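Q: Got a sequence here, can you build the structure:
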Amino acid sequence: MLEKFFGVFLKKQFSSIESSTLDLQKNLISYPALEIIRKLKKSGWDAFIVGGAVRDLLMKVKPKDFDIVTNASPHEIKSIFRRSRIIGRRFRIVHVYIANETIEVSTFRKSNVSNSLDSYGRILRDNAFGSIEDDVKRRDLTINSLYYDPVSERILDYHNGISDLKRREIVVIGKTKERLIEDPLRIVRIIRIAAKLDLTIPLKLKKVMRRAGSLLENIPKARLSDDLLKLFVSGKSLQGFKYILELDLDKHIFPNLALFLPEKKRGVANLKKDGFIYTALKNLDVTVCNNESISLSFIFAVLFWEKISRLKMSYVEQGISEYISMQKATSEILQDINQNFYFQRKHITGVRELCLLQSRFNKFLGKSPFSLIRHARFRSALKLLELRVKLNEVKIETVVWWDKFYNCPDSEKIQMVNSMRGKTGQRRSYKKRRRKKLSTI
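A: Got it, this is the predicted structure:
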C-alpha cells in the first residue's frame, strides 16, 4: 500500500527519505503518538507525524507535543478511538487521549476559500478537507512541511525543508506577505522557532515581518498570549525578546504602553548585558534549561515592573504612601495591559502580590520579617528585589540580608532583627490602647 501511495508522487513533487540516513531520534517519540499512527494505518488510513515534531526530532530536540495528520475525517478518527473528542471552530481537529497524553489528530486540508477570510485577510474557517498534496501547500515554513511515517520510517519532504534545516535558515512557503496575513501569529511563531533552534531569519523576511506587525493587534488575545508564553518558557526567551524589540513588535503586542523604551534606547542589537530585562530573561532561560519550576506571574512582573515602578514613584511624589502608590500603579498598568493581552486571573493576582511585596522589604523590625518569609511568593519576590539592584532601586546589601534571614535558624533570625534596630533607626510601632471611660453612676 505504501509503495502504491508513493508511486503517485514520482514526478519529483517531493523527496522520500529514509529517516535512518538523517539520524532522526525515533526514541524521543511518545508511545501514544506511535500507537495512534499504528491504529490509523491498521484501519486503512494514511497517517504521519507532521510539522514541528519532525523538525525537532531531526535537530535532536525532544518535541513538547506531536501533531498527527491523516486522510481520515474527524468523525472517522473519532470512531476509531474511544477516548477522543472533536474540538475547534476555525480548525476542526480531534483530541485523542492515551494514558496521560493528549495528541492532536487533524485531517488533510485544502487551501482556504475566499469567503472564509475577514476584512484583514485572516483565515476564519479552514475545514475544507483534501489530500496530502493540498495539505502541504497550506504549511507555513519549509522546515514545518516534513511528514514522517514512523512505521515505514520514511520522511516526505515537499519543500526542501531538510536542506533549509541543514542551512539553519527560516524559509516561508509561498508569498511571505500573504502567509503572514492569513495568520499573523506566524510572526511570533517564526521568532519562537528561530530562537529555540538557533536558526537565522533572513533580512528580507524580517522586513516583511516588521511591516506586518500591526496585524498582531487583530488576532484573538488568547491565541497571541499562548504563543508568547511558549516563547518565554522555551529556554530561549532572551533571543526571542531581542527579535521582538528589533522588529518593533512590542508596540503591537502591548499597544499604547511603551513598555520597553529603556531597552530600545540602549540599542536592540546589544541589550545592556547587566541590565534589568537582560538579566531577568537570561536567568529565566537557565531555570528552564535546568528543568526547574518557573512562575509565569514572575515573568509578567518582570516585563511590566519598570512601567509600574515609574508610575508608583509619580504617586509617591504626590505625597501618597509607598504601599498605596504601589497598589494604584499596579492596578492601573494591569488594567491597561489586560485590554490588549489575555491573562488568567491567577497571573494577575500573582503580579499584584509580587509588586506589593516589594514595599515590605523595607520593614526589618517586629513580626513583619517573619510573616514576609512565610509568604508563598517570597522566593519570587526576592528574585524581583535582586533584579531591582540593576535599576539602582535597592542596594545589594538589602538582598543579601533577606536571603540570609530566610535561610538562617530561628535563633539567628531574632538576633538579625535586633541588630537592625540600631542600624536602620526604625522603631517598633505600638498601637495605643484606648482608655476605658469610667461609667458615671
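Q: Retrieve the pLDDT associated with the most centrally placed residue in the chain.
A: The chain has residue 229 as the residue nearest its centroid, 1.7 Å off, counting by CA atoms, centre = their mean. Residue 229 carries a pLDDT value of 86.
Q: which stretches of this protein have low pLDDT?
A: Within the chain, the stretches with pLDDT under 70 are 1-14, 90, 111-127, 256-274, 340, 422-441.
Q: Which residue ranges make up the domains of it?
A: The chain breaks down by automatic domain parsing into domains covering 1-161, 175-285, 296-424.
Q: tell me the contacts of residue 238?
A: The contact partners of residue 238, taken as CB atoms under 8 Å, 6 or more residues apart in numbering, are 271, 278, 281, 282, 284, 285. Where C-beta positions appear, they are placed from N, C-alpha and C, glycine not excepted.
Q: Would you show me how to pick out the buried ones of those residues in PyMOL?
A: Per 16 or more other CB atoms under 10 Å, the buried members of those correspond to this PyMOL selection:
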select buried, resi 271+278+281+284+285
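Q: From the contacts of residue 238, which land in helices?
A: Of the contacts of residue 238, the ones assigned to helices by DSSP state H are 278, 281, 282, 284, 285.
Q: so what's the last one closest to, chain neighbours aside?
A: So that's residue 285. residue 235 (5.2 Å; CB to CB, 6 or more residues apart in numbering).
Q: and the gap between that neighbour and residue 226?
A: Going from residue 235 to residue 226 by CB to CB, to the nearest Å gives 17 Å.
Q: Could you do residue 411 as well?
A: 48 Å.
Q: what does residue 393 give?
A: 32 Å.
Q: Next: residue 45.
A: Per CB to CB, residue 45 is found 30 Å from residue 226.
Q: who's more crowded, these two?
A: For residue 45 versus residue 226, the count of surrounding residues by other CB atoms under 10 Å is larger for residue 45: 17 against 13.
Q: can I assume the more buried one sits in a strand?
A: No - counting by DSSP: H, G, I helix; E, B strand; the rest coil, residue 45 is not part of a strand but coil.
Q: residues contacting residue 85?
A: Contact analysis of residue 85 by CB under 8 Å, 6+ apart lists 78, 94, 95, 97.
Q: Surely it is within a strand?
A: Yes - counting by three-state DSSP, residue 85 falls inside a strand.
Q: ok, back up a step: which one of the domains of the chain lies closest to residue 167?
A: With CB to CB as the criterion, residue 167 lies closest to domain 175-285 of the domains of the chain, at 8.2 Å.
Q: from the chain's centre, how far out does the closest one sit?
A: How far domain 175-285 lies from its chain's middle: 11 Å, per CA atoms, centre = their mean, to the nearest Å.
Q: how many other residues sit next to residue 200?
A: 11.
Q: Do I have it right that it meets residue 171?
A: No - applying CB atoms under 8 Å, one finds residue 200 not in contact with residue 171, separated by 10.1 Å.
Q: Beyond the helix or strand where residue 306 lies, next helix or strand please.
A: Here residue 306, judged by DSSP states H and E, is contained in helix 296-316. Once the chain leaves helix 296-316, the next helix or strand it forms, by DSSP H and E, is helix 322-338.
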